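Student: Here is a sequence together with a model predicted from it:
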Amino acid sequence: MAESATTGGGRPRVLILGGGFAGVGAAQKLQHADAEVVLVDRHDYHTFQPLLYQLATGLLERTAVGHSLRDLLARHENTTVHQASVTAVDLDAREVTFDDLAPLTYDYLVFALGAEVNFFGTDGATEHAFPMYTLPHAVRLKDHLLERWEAADRDATLADDGALNVVIVGGGPTGVETAGAIAELYRAVFASDYPTLPQDQARVILVEAGPEVFSMFKPKLRQYTTKALADRTVEVMTGQIVASVSPNRVTLKSGEEIEAHTLVWGAGLQGNAVVQTLGLELQRGNRISVGPDLTLPGRPEVYVLGDVAAIVDAKTQQVLPQLGSVALQSGEHAGETITRRLAGKETKPFEYHDKGTMAAIGRGAAVVQMLGGRTMTGAKAQIAWGAVHLALLPTNEDRAKAVIDWAGASFTHQRAGRITVGSE
Ligand SMILES: Cc1cc2nc3c(=O)[nH]c(=O)nc-3n(C[C@H](O)[C@H](O)[C@H](O)COP(=O)(O)OP(=O)(O)OC[C@H]3O[C@@H](n4cnc5c(N)ncnc54)[C@H](O)[C@@H]3O)c2cc1C
């Protein structure tokens, strides 16, 4: 039986909060739903987080990593987009409030606000660390790196003070990919851009609290990664925790002080702050438990998706990781399910299709671990990584842009995006 309309001028309103992988995935599948679909995001673009490190290191331009939400949904006649920040959700009143948009009620809510950085209370991190979670974060890091090299070019004594050294926190995919990309940028590009500046005073140091990097991968992939990082001159410090950060020093819990003007944070996430307004019991990392259909227990009209959700995999009974593929598939499932419910059709529980866990370390170096235990490394793994990430990009135009930039960088080692465009 089709469900009744309570808002949206006669048609039920589906309100999507967040235009990331999950929110856009849901919106794409709602294109032909008999509903008024409203998507709200604090940005006017969809961010492709897996490639943020490539923007930060000049491999990709910002339009390859951020895509206009209005453009993505332009052909959806039933959909409107608003740029506004969500401030609270009242689940009983079925109403959402925003900072500068009138409150909106809903018949169906798609809660897909993602996660945000967690500095775990590290002293000075909020003020001085460079997180890698949003497009402005990546642009800020890129501009800062370039600014430090230009400053050292004018005054070489800055290199003695650690101006060119970078510490990256976190031996997971974000930290490893960022460390590998910065090291390649330094050795392949900045070495010739700034020939008078000494490369041995431009250290790239990866700090990991655990005994090894890439703890989620099999031992042979971890060993491969450690070697691939060393080949790229990344210094890996395991069993070390950052205690504090200032504009020019990073202090470890061991007491060791590293002279570095840049600390990149790739170490921790927590659920979006808006989850605190829901009045729900939260899981580890402020994630929200959902049922097999991705709705909140007792609230079949509320779907919680992507990074902010703790989705239990029906096959493994494990909570699914915070990955783009999980977010996209959960979003698509919710969009399809709501469309079917509105049409009075049967629905199915969510089933995740695992395409493998993978990460790129640098040019020709990547690791892939498939569900059945098969692994790949090197150029083959990099091709697999490229194919999976191209599939996650929202349009063919974005895929073409990424392929052209990657091909250019791989043939010439050049990074067209290595300029700073600040305000004057
Ligand atoms: C650096 C990095 C590298 C990654 N690499 C990979 C990878 O290689 N492969 C992979 O599969 N996954 C990767 N991931 C994980 C993947 O990007 C996430 O799992 C995915 O983005 C989650 O999608 P989502 O839709 O849940 O949230 P998000 O993509 O975070 O989207 C949430 C949206 O909500 C909006 N929003 C947040 N708060 C508010 C608010 N208060 N009001 C309005 N709007 C708001 C945000 O602007 C954003 O558009 C990476 C993540 C990072 C940070």
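Tutor: Cool, the structure landed.
Student: neighbours around whatever residue of the stretch 1-150 of the chain ends up closest to the ligand, how many?
Tutor: Across the stretch 1-150 of the chain, the shortest distance to the ligand (C-beta to the nearest ligand atom) belongs to Gly20, at 1.9 Å. C-beta coordinates here come from the backbone N, C-alpha and C atoms, glycine included. By the criterion of other C-beta atoms under 10 Å, Gly20 has 25 neighbours.
Student: correct me, but it touches Gln322?
Tutor: No: here Gly20 does not reach Gln322: they are 11.1 Å apart, not a contact under C-beta atoms under 8 Å.
Student: joint contacts of those two?
Tutor: 306-307 (C-beta atoms under 8 Å, 6 or more residues apart in numbering).
Student: ok, now how distant is His67 from Ser215?
Tutor: 32 Å (C-beta to C-beta, to the nearest Å).
Student: between the two, which one's more packed in?
Tutor: A side-by-side neighbour count of His67 and Ser215, using other C-beta under 10 Å, places His67 first with 21 against 11.
Student: so how far is stretch 119-131 off the chain centroid?
Tutor: With C-alpha atoms, centre = their mean, to the nearest Å as the basis, stretch 119-131 stands 18 Å off its chain's centre.
Student: Endpoints of it, how far apart?
Tutor: Terminal residues of stretch 119-131 are spaced 9 Å apart (C-alpha to C-alpha, to the nearest Å).
Student: How many residues are close by the residue of the stretch 251-400 of the chain found nearest the ligand?
Tutor: Closest contact between the stretch 251-400 of the chain and the ligand, by C-beta to the nearest ligand atom, is at Gly306 (2.1 Å). Using other C-beta under 10 Å, Gly306 has 33 neighbouring residues.
Student: can you tell if the lowest-mean-pLDDT helix or strand in the chain touches the ligand?
Tutor: When the helices and strands of the chain are scored by mean pLDDT, DSSP states H and E, helix 396-412 comes last with a mean of 75. No: using C-beta under 6 Å from any ligand atom, helix 396-412 never reaches the ligand; the gap is at least 13.0 Å.
Student: follow-up on the earlier one: pretty sure the residue of the stretch 251-400 of the chain closest to the ligand sits against Gly20.
Tutor: Yes: using C-beta under 8 Å, Gly306 makes contact with Gly20 at a distance of 6.2 Å.
Student: any common contacting residues for these two?
Tutor: Common neighbours of Gly306 and Gly20 (C-beta under 8 Å, 6+ apart) are 112, 114, 327.
Student: Would you format the residues you listed as CSV with pLDDT included?
Tutor: Formatted as CSV, the shared contacts of Gly306 and Gly20 follow (pLDDT from 0 to 100):
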residue, pLDDT
Ala112, 98
Gly114, 97
Ala327, 97
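Student: out of the residues you listed, which are inside helices?
Tutor: Cross-referencing the shared contacts of Gly306 and Gly20 against helices under DSSP state H gives Ala327.
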